[in-house]
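Sequence and predicted model, in that order:
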Amino acid sequence: MPSDSDPSSTQLPFHGRTIALVGLMGAGKSTVGRRLADKLGRDFYDSDHEIEKAAGLSISDIFAKHGEADFRRGEKQVIRRLLDMPPHVLATGGGAYLDPDTRAILRERAITVWLNADIETLWRRVQKRDTRPLLQRADAKEHLAHLVMERQPFYSQADLVVHSKDGPHTHTVNAILKALQTWKPK
C-alpha cells in the first residue's frame, strides 16, 4: 500500500486527514498507532504523552494533584493543537472521546477509529503497567468492565470500528488500513 505522503496516494479516501484512534486503555492505541504511522509514512502523536510534556507531570500526577476535570480540560486543548498540525496518526486517551466538544472536533477534523477490544484482552494488557489512574483501586477489573459498558455508546460513534485482538499488532494495523479504504467523507 502506498504511504499517505506518496503522490500516488492522493486517491486514497483518507488522504489529508489525521487518523485518530479512540478506545479504552489497553485497546492498543499507542502501540498500533506507531506502527500505523510508520506504514503510512506519517508522524505519530500520543495525546497523553503530549499532555505530560505540556504539564511537566505524569498523567497519574496530574490526576492526583489537579483532578480529572483539569486533566480533561488540558486534554481538550492538546488535542485541538494536534489537529492543527499536518495529517498524522493520533492515539487519544481513553476518556478523550467522551467529551462532546473533543468528540465533535475529532469527527470534524480527523477520521476516528475505535479500537474495540474485549474485557479479557483489555485486562491482560492493562496489567502490564501500573500507571493507569482510573485503575488504582481494589476492584480494578470490575471497574474496567464498568468503563467498557459506560463508554461503548460514545466509542461506537467513531467513523470506523476495528477489533483489537491479542496477536501480532500488524493484524490490527492491516485491519485499520482495510477499514480506511471504506471511509467516505461526510
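In hand now; what should we look at? Predicted, not measured: the structure shown is a model, and the values here were computed from it. Numbers count the residues shown, from 1 in each chain.

Kindly state the pLDDT recorded for Gly67?
We have a pLDDT of 87 for Gly67.

ugh, wrong one, I meant Ile59
Looking at Ile59, its pLDDT reads 85.

Could you count how many residues lie near it?
A count of neighbours around Ile59, defined by other Cβ atoms under 10 Å, yields 19. The way it works is simple: take the backbone N, C-alpha and C, and place the C-beta from them, glycine included.

For Asn174, see how far away the closest residue to it other than its chain neighbours is.
Nearest residue to Ile59, sequence neighbours excluded (Cβ to Cβ, 6 or more residues apart in numbering): Asp48, at 5.6 Å. Distance, Asp48 to Asn174, by Cβ to Cβ, to the nearest Å: 25 Å.

Of the two, which one has the most company?
Asp48 (23 against 16).

ok, that one touching Gly95?
No: with contact defined as Cβ atoms under 8 Å, Asp48 does not count as touching Gly95 (10.2 Å).

lowest average confidence, helix or strand, in this protein?
Scoring the helices and strands of the chain by mean pLDDT, DSSP states H and E places helix 119-126 at the bottom, with a mean of 80.

Not counting that one itself, show me its contacts.
24-28, 117, 132, 135, 140-141, 144-145, 148, 164-166 (Cβ atoms under 8 Å, 6 or more residues apart in numbering).

Check which element follows the strand or helix carrying Pro153 along the chain.
Per DSSP states H and E, Pro153 falls inside helix 140-155. Counting by DSSP H and E, the next helix or strand C-terminal to helix 140-155 is strand 160-163.
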